[in-house]
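Enquirer: Pasting a predicted model and its sequence here:
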Amino acid sequence: MTVTSEQQPAARSAVPELYDTTLRDGTQQEGISLTVDDKLRVARILDTLGVAFIEGGWPGANPKDTEFFKRAASGELELSRAVLTAFGMTRRPNADAAGDPTLEALLSAETPVICLVGKSDVLHVDTALRTSGDENLAMVASSIELLRREGRRVLFDAEHFFDGYLRDPAYALAVLRAAADAGTECVVLCDTNGGALPAQVHDVVATVVADLGGRVDVGVHVHNDADCAVANSLVGLQAGASHVQGTVNGIGERCGNANLMSLIPNLKLQLGLDVVGDADLSRLTRVAHEVAEIMNLTPDPHAPYVGHAAFAHKAGLHVSALARRTDLYQHVEPDLVGNSLRLLVSELAGRSTVVLKGRELGLDLESDRAAADRVLERVKELEHIGYTFEAADASFELLVRAETGMLREIFRLESYRTIVERREDGTVVAEATVKVWVDDERFIGTGEGNGPVDALDHAFRAALSGRLPAIAHTHLRDYKVRILDADTGTGATTRVLIRSTDGERDWDTVGVSSNVIEASWKAMEDAYTTAFRLAVDAGASG
Ligand SMILES: [Zn+2]
């Protein structure tokens, strides 16, 4: 296909509208299962981000989605900024739109906007619908007309549009025209199989905008099977589309959908399009993590913009330059997306890294050279016995606080004990007892678990959750054990790295010992100390 420059409209400068389909397309991802309460929580979080539309699900397709819309309509979901939409399919072939069960379920969802999906690839009309091209056009038209008559705004998702356009461009465009004639406000071109490449998406969108752009908005909905979903969405918008669909963290079936967490900052910070406000953008990292948390997914540390490592710099050559100008080694200011710059400290680090790292943590090591040297010495000693601070910011911070006299003791371990028992029937159970002091008060807790570390965690919580509530909000998200080479001649050493979370923030701690339980305890001790410190900073009672 060729598009001449005369046909190409100038890229629109208008701000594109964002359509979130996390709760419908996103939940198609393997392993994700949300309750109705979860879906309501996610919708409320999405509303804080400033997207124009939130697609809640497919009413009638499963009881959960039907219940979601019912509860949303009954006042349980009050969106202050976004419009709730329902998703569903065109009517059945050779039947009336009136009385069609799918359309009836869509209407009973009581949303002001409906996103209706229909076929636009002639091959799918033949083989999946098993009907004629003309009947498919009639299905699209009569379904949209019915929804319009009922007072709904309609967006039309043209399924398999890019593949369909390659196969039969005239038919694919005829489907869009039928939708436009019937009263849709936006035709959304879908790369349902996710294999399109940017140049193709650009050309096809430009052609559709030239054909229909004056009458209806053009949108894009692309999947990530060729790892091009964000790029395809961007070129679609640059080719004249004004509506884009995606999901939080790019979740979705197979390789996912276009990732709004990358798309939003690309549009706002790189292209200058105010798709969300500045304050909204600064919540981006938090939204990414909160939604991942509800979906029980571990956030990808290397995710652009919102990942834990997205602005992490390894100590070395460029650290002293970073000290002078942080923008030398990062493409945007991390604060803008609610993330932060991190410096990775290791024994390769010099004083300047330690000083900068201190500054990052809000601790002044610049005016105290002696303290900076002590911290560096301590890092070197600990790294020699197996510690690593590159992936354990929180332990590093405690170390700096200890060396600068800024570490207040929150609790003090007296002792712990763990027992692992394998019973006759093959089950393995672990129990632990922890004795711990807060000021001059002694607490004893016991716990059970599927292993000794789990039992120890439960015992510690049992001992102190009443006294220090911050602990109840903290949980261990990731636990990694590594056996290090015994090159110091003292036998095998175990290093444990723990990532903890309070649902909003993550922090990493490390422990090292020749005993795996003791190494775990040390990492847990730092994790809990950090939890209390963060809670105190946040003004919580714990
Ligand atoms: Zn999709």
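Expert: In hand now; what should we look at?
Enquirer: Got the confidence number for residue 149?
Expert: Per-residue confidence at residue 149 stands at 98 (pLDDT).
Enquirer: for residue 315, same thing?
Expert: On the pLDDT scale, residue 315 gets 59.
Enquirer: And the longest helix anywhere in the chain, what does it pack against?
Expert: Secondary structure of the chain per DSSP state H: the longest helix is helix 516-537. The contact analysis (3 or more C-beta pairs under 8 Å, 6 or more residues apart in numbering; DSSP states H and E) places helix 516-537 against helix 393-403, strand 412-422, helix 452-464, strand 475-484, strand 493-501, strand 506-513. For the C-beta atoms, the positions are set from N, CA and C on the backbone; glycine is no exception.
Enquirer: For residue 533, the count of nearby residues, please.
Expert: Here the number of neighbours of residue 533 (other C-beta atoms under 10 Å) works out to 19.
Enquirer: nope, residue 531 is what I meant
Expert: 25.
Enquirer: Likewise for residue 364?
Expert: Around residue 364 there are 14 other residues, counting by other C-beta under 10 Å.
Enquirer: Enumerate every residue touching the nearest residue to it once chain neighbours are set aside.
Expert: In this structure, residue 364 finds its nearest non-sequential neighbour in residue 358, 6.7 Å apart by C-beta to C-beta, 6 or more residues apart in numbering. With contact taken as C-beta atoms under 8 Å, 6 or more residues apart in numbering, residue 358 is in contact with 364-366, 372, 375, 400.
Enquirer: what about residue 358, which helix or strand?
Expert: In this structure, residue 358 sits in helix 351-360 according to DSSP states H and E.
Enquirer: Name the residues of that helix that are buried.
Expert: Buried positions in helix 351-360, judged by neighbour count with 16 or more other C-beta atoms under 10 Å: 352-358.
Enquirer: So what does residue 219 have for phi and psi?
Expert: Note on residue 219: backbone dihedrals following degrees, to the nearest 10 are phi -120, psi 170.
Enquirer: Can you report how many residues neighbour it?
Expert: 28.
Enquirer: With pLDDT and distance to residue 177 added, can I get the buried residues of helix 351-360 in CSV?
Expert: Listed next are the buried residues of helix 351-360 as CSV, based on pLDDT from 0 to 100; distance: C-beta to C-beta, whole Å:
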residue, pLDDT, distance to residue 177
352, 75, 64
353, 76, 62
354, 80, 65
355, 82, 65
356, 80, 60
357, 79, 60
358, 81, 64
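Enquirer: Can you check what angle separates the helix holding residue 358 from helix 393-403?
Expert: 100 degrees (axes from the mean of the first three to the mean of the last three C-alpha atoms, to 10 degrees).
Enquirer: Please look at residue 58 and residue 68 and confirm they touch.
Expert: No - applying C-beta atoms under 8 Å, one finds residue 58 not in contact with residue 68, separated by 9.9 Å.
Enquirer: Looking at these two, which is more packed in?
Expert: A count of neighbours by other C-beta under 10 Å puts residue 68 above the other of residue 58 and residue 68, at 29 against 25.
Enquirer: Show the contacting residues for residue 517.
Expert: Residue 517 touches 418, 452-453, 456, counting by C-beta under 8 Å, 6+ apart.
Enquirer: Could you find which two of these are furthest from each other?
Expert: 418 and 453 (8.1 Å; C-beta to C-beta).
Enquirer: For the stretch 51-200 of the chain, which segments count as helices?
Expert: With helices called from DSSP state H, counting those that start in this stretch, the stretch 51-200 of the chain shows them at 63-71, 101-108, 122-124, 133-149, 161-167, 169-182, 198-212.
Enquirer: Just the buried positions in the shortest one, please.
Expert: The reference is to helix 122-124. Result for helix 122-124 [16+ other C-beta under 10 Å]: buried residues 122, 124.
Enquirer: okay, the angle between the helix or strand that the helix holding residue 358 is followed by and helix 393-403?
Expert: Sequence-wise, the next helix or strand downstream of helix 351-360 (DSSP H and E) is helix 369-384. Inter-element angle recorded for helix 369-384 and helix 393-403: 130 degrees (by the same axes, to 10 degrees).
Enquirer: which stretches of the stretch 401-542 of the chain have low pLDDT?
Expert: Residues of the stretch 401-542 of the chain that meet the criterion pLDDT under 70 lie in 485-491, 539-542.
Enquirer: one more time with 50
Expert: Applying pLDDT under 50 to the stretch 401-542 of the chain picks out residues 540-542.
Enquirer: about what we covered before: out of the buried residues of helix 351-360, which is nearest to residue 248?
Expert: residue 357 (30.8 Å).
Enquirer: Next, the contact list for the closest one, please.
Expert: Contacts of residue 357 by C-beta under 8 Å, 6+ apart are 343, 345, 349, 396, 400.
Enquirer: between these, which has the most around it?
Expert: Most neighbours among those, by other C-beta under 10 Å: residue 396, with 29 neighbours.
Enquirer: Please list all residues in contact with it.
Expert: By C-beta under 8 Å, 6+ apart, the neighbours of residue 396 are 345, 357, 379, 389.
Enquirer: Let's have those in JSON lines, adding distance to residue 536.
Expert: Shown next, in JSON lines, are the contacts of residue 396 (distance: C-beta to C-beta, whole Å):
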{"residue": "345", "distance to residue 536": "24"}
{"residue": "357", "distance to residue 536": "21"}
{"residue": "379", "distance to residue 536": "25"}
{"residue": "389", "distance to residue 536": "23"}
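Enquirer: Need the max-distance pair from those.
Expert: So, the contacts of residue 396 by C-beta to C-beta: farthest apart are 357 and 379, at 9.8 Å.
Enquirer: quick one, strands of the stretch 1-150 of the chain?
Expert: In the stretch 1-150 of the chain, the segments counted as strands under DSSP state E, counting those that start in this stretch are 17-20, 53-57, 83-89, 113-119.
Enquirer: Out of those strands, which is the most enclosed?
Expert: By mean neighbour count, with neighbours taken as mean count of other C-beta atoms under 10 Å, strand 53-57 ranks first of the strands of the stretch 1-150 of the chain at a mean of 27.
Enquirer: Would you mind pulling the contact partners of it?
Expert: Contacts for strand 53-57 (C-beta under 8 Å, 6+ apart): 17-25, 27, 39, 43, 46-47, 64-65, 68-69, 72, 79, 82-87, 109, 111, 113, 115.
Enquirer: Stretch 185-201: how far from the chain's middle?
Expert: 23 Å (C-alpha atoms, centre = their mean, to the nearest Å).
Enquirer: wait, residue 492 sits on residue 483?
Expert: Yes - between residue 492 and residue 483 there is a contact under C-beta under 8 Å: 5.5 Å.
Enquirer: what bits of this structure have low per-residue confidence?
Expert: In the chain, residues with pLDDT under 50: 1-12, 540-542.
Enquirer: and residue 35, how many residues sit next to it?
Expert: Residue 35 has 12 neighbours, counted by other C-beta under 10 Å.
Enquirer: Return the residues in contact with it.
Expert: residue 64.
Enquirer: quick one, phi/psi of it?
Expert: phi -80, psi 170.
Enquirer: and the gap between the closest residue to residue 175 other than its chain neighbours and residue 176?
Expert: Closest residue in space to residue 175, ignoring its immediate chain neighbours: residue 120 at 4.3 Å, by C-beta to C-beta, 6+ apart. From residue 120 across to residue 176, the span is 7 Å (C-beta to C-beta, to the nearest Å).
Enquirer: Looking at the two, which is more packed in?
Expert: Neighbours were counted for residue 120 and for residue 176 using other C-beta under 10 Å; residue 120 has more, 32 against 26.
Enquirer: wait, what's in contact with that one?
Expert: Residue 120 makes contact with 158-161, 164-165, 171-172, 175-176, according to C-beta under 8 Å, 6+ apart.
Enquirer: again with residue 218
Expert: For residue 218, the contact set (C-beta under 8 Å, 6+ apart) comprises 186-189, 205, 208-209, 212, 240-243.
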